[in-house]
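**Student:** Quick one, fold the following:
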Amino acid sequence: MPNLPVYVSGYTDNKGKGIYLYNFDTDNGTLSLKGLAAESVNPSWICFHKSGQHVYATNEVSSFKGENVGYVSAYKRDEKTGMLELVNEQATMGGHPCHATCDATGNFLVVGNYTSASVSVLPIRAPGSPQSSLDQVSSSLKHDELYKNTMGVPSRQEKAHCHSVNFDPIAERYVFVNDLGCDLLAVHQFDKESGTLTPHTTLSFPTGTGPRHLKFAPNHNNFCYVVGELSNDIFMLEFDFEQGKFIEIQRIHALPEDFKENNLGAEIDISANGKFLYVSMRGYDAITIFEINEWTGKLTLMGYQPTGGKCPRHFTIDPTGQYLLVANQDSDNIVVFKMNTTTGLLEQVSSIEHPQPTCVQFWS
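**Tutor:** Numbering: from 1, shown residues only. A predicted model of the protein is given here:
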C-alpha cells in the first residue's frame, strides 16, 4: 500500500475551507494534496462509518439555522476520487460539538458538545446505504445537570465540558465521556437497539486535571490511558467490564520538570505493536513518548520529540505502523515522523503547509 488516502479537517476562520484529501506515500513518508474534499465550516473532528462509504464531521460552532447549537455533517465518499458529497447536516442540540464516534453496527453517531456540556446520539438512516443520512438527536445527556464542575482552573472549569466520546472496545455496552470541566470520566450505559444513554458510574480525577482524550491499549482491552489537558498528567486506568467502572493504576507527568510555561495536553495514541504511548503537548510543542510495560501496562518516560510547529492539536499513526503525522494548528503545518518500532523514538522526515489543521485521519 504505497499510497494511502488521508483526510485533514480544521478551523475555517483564516485560510481553511473545510476537509482536504491527501495521498500519503508510505515509501518515503510524504503527503501530496489531492484537493478540497468538501467545503465545510469549522470541521474540527472527523470520523468514518464502518461501511467505508461515509464520513462525519463535527462543525464546531454555536449557531445553526437560527438556534444556539452546533451541528454535524454527513458525507458520501466517492470510491474513485475520494472526494466527499454532502448528504445532510443535523443539529447536535448542543454548542461547539468537538468529538464524535460511530458505533460498530453503523446505526448511531455519538457526539460530545463542549460548551453545552452534553452528549448527543444521532441515529443513522439506512446505515451503510448510498442514501444514508443523519437523523435528529434521539437521546442526550446534559453533564451540567448530572455532575458538578470543579473550578480547579476557573477560566476553563466554570462549568461542565464534554470533550471526548468513546465506546468500550469489547461489546460497546458503554460510552465513555471525558468531562474537562468536572474532572471526571463518565461511564454511560448504551442501548444498542434504541441508542439511549443512561448514567452508570464515574471516575474522578484530581481537581484541575481537565481530562481530554483517552486510548485503550490494543494488547490489553481493560487498560486505558487518559491525558489531562490542564494538568498535563497521563493516567493509566483499568476498566472492570462486569461492573462498568474504572480504577486508577498510575499517574505520570508528561512535561519536563524544568518546563514552567503554559501548556495544554491534547491527543493520545498508542503504536500498532502496543509498546509505546504518545501524547501531544501544546505550548511545549512536542510529542511525549512513553514505553508501555508488556505485562502491567504501566508507563516509563522515554523522551520528547519537538513537533516542528506550534500547538500540536492532533496526531495519528498510519495503518502500516511506520509513521506518525502531527497537525500543528497554530503554525499551519503537518509534520511527518518515522517511528522506531524498537525504541519508540521519532525522526522527522517531511513537512507541508496546511491551514489550521485540527484532525488528521487515514481512510480505512
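
**Student:** Using CSV, list the CA coordinates for stretch 247-257.
**Tutor:** Output of stretch 247-257 as CSV, limited to C-alpha atoms (Å, rounded to 0.1, in the frame of the first residue of the first chain):
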residue,chain,number,x,y,z
ILE,A,247,-9.9,2.4,38.8
GLU,A,248,-6.7,4.4,38.6
ILE,A,249,-3.4,2.4,38.4
GLN,A,250,-0.7,5.0,37.6
ARG,A,251,-0.3,8.8,37.2
ILE,A,252,2.7,10.3,35.4
HIS,A,253,3.6,13.8,34.3
ALA,A,254,4.1,14.4,30.6
LEU,A,255,6.4,17.5,30.7
PRO,A,256,10.0,18.0,31.8
GLU,A,257,10.4,19.2,35.4
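
**Student:** Can you list the buried residues in stretch 94-103?
**Tutor:** Across stretch 94-103, burial judged by 16 or more other CB atoms under 10 Å covers Gly94, Gly95, His96, Pro97, Cys98, His99, Ala100, Thr101, Cys102, Asp103. Placement of C-beta: from N, CA and C, glycine included.

**Student:** how far does that stretch stretch from start to finish?
**Tutor:** 20 Å (CA to CA, to the nearest Å).

**Student:** just curious, which of the buried residues of stretch 94-103 is nearest to Asn3?
**Tutor:** Cys102 (25.1 Å; CB to CB).

**Student:** I figured that closest one was touching Lys50, is that so?
**Tutor:** Yes: if you go by CB atoms under 8 Å, Cys102 and Lys50 touch, sitting 6.7 Å apart.

**Student:** thinking again about what came up before, the buried residues of stretch 94-103 in strands, which ones?
**Tutor:** Pro97, Cys98, His99, Ala100, Thr101, Cys102 (DSSP state E).

**Student:** can you redo those residues as JSON lines with distance to Ser164 and pLDDT?
**Tutor:** Putting those into JSON lines (distance: CB to CB, whole Å; pLDDT from 0 to 100) gives the following:
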{"residue": "Pro97", "distance to Ser164": "11", "pLDDT": "98"}
{"residue": "Cys98", "distance to Ser164": "8", "pLDDT": "98"}
{"residue": "His99", "distance to Ser164": "5", "pLDDT": "98"}
{"residue": "Ala100", "distance to Ser164": "9", "pLDDT": "98"}
{"residue": "Thr101", "distance to Ser164": "9", "pLDDT": "98"}
{"residue": "Cys102", "distance to Ser164": "14", "pLDDT": "96"}
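
**Student:** which pair in those spans the largest distance?
**Tutor:** Cys98 and Cys102 (15.8 Å).

**Student:** can you redo the ones in strands among the buried residues of stretch 94-103 as a markdown table with distance to Ile19?
**Tutor:** What follows is those, written out as a markdown table (distance: CB to CB, whole Å):
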| residue | distance to Ile19 |
| --- | --- |
| Pro97 | 15 |
| Cys98 | 16 |
| His99 | 16 |
| Ala100 | 14 |
| Thr101 | 17 |
| Cys102 | 16 |
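
**Student:** Closest one to Leu264 out of those, please.
**Tutor:** Cys98 (13.8 Å).

**Student:** mind listing what the closest one touches?
**Tutor:** Ser44, Trp45, Thr58, Glu60, Gly112, Asn113, Tyr114, His163 (CB atoms under 8 Å, 6 or more residues apart in numbering).

**Student:** if you set the cut-off to 7 Å instead, what comes out?
**Tutor:** By CB atoms under 7 Å, 6 or more residues apart in numbering, the contact set of Cys98 is Ser44, Trp45, Thr58, Glu60, Gly112, Tyr114, His163.

**Student:** what does Thr341 give?
**Tutor:** Taking CB under 7 Å, 6+ apart, one finds Asn273, Gly321 in contact with Thr341.

**Student:** Pretty sure it sits in a helix.
**Tutor:** No: with DSSP: H, G, I helix; E, B strand; the rest coil as the criterion, Thr341 is coil rather than part of a helix.

**Student:** So what sits opposite the closest residue in space to Gly94 that isn't next to it in sequence in the bridge?
**Tutor:** Excluding its sequence neighbours, the residue lying closest to Gly94 (CB to CB, 6 or more residues apart in numbering) is Asn113, at 2.7 Å. Beta-bridge pairing for Asn113 (DSSP bridges): Pro97, Ser118.

**Student:** Could you report the neighbour count for Asn113?
**Tutor:** 29 (other CB atoms under 10 Å).
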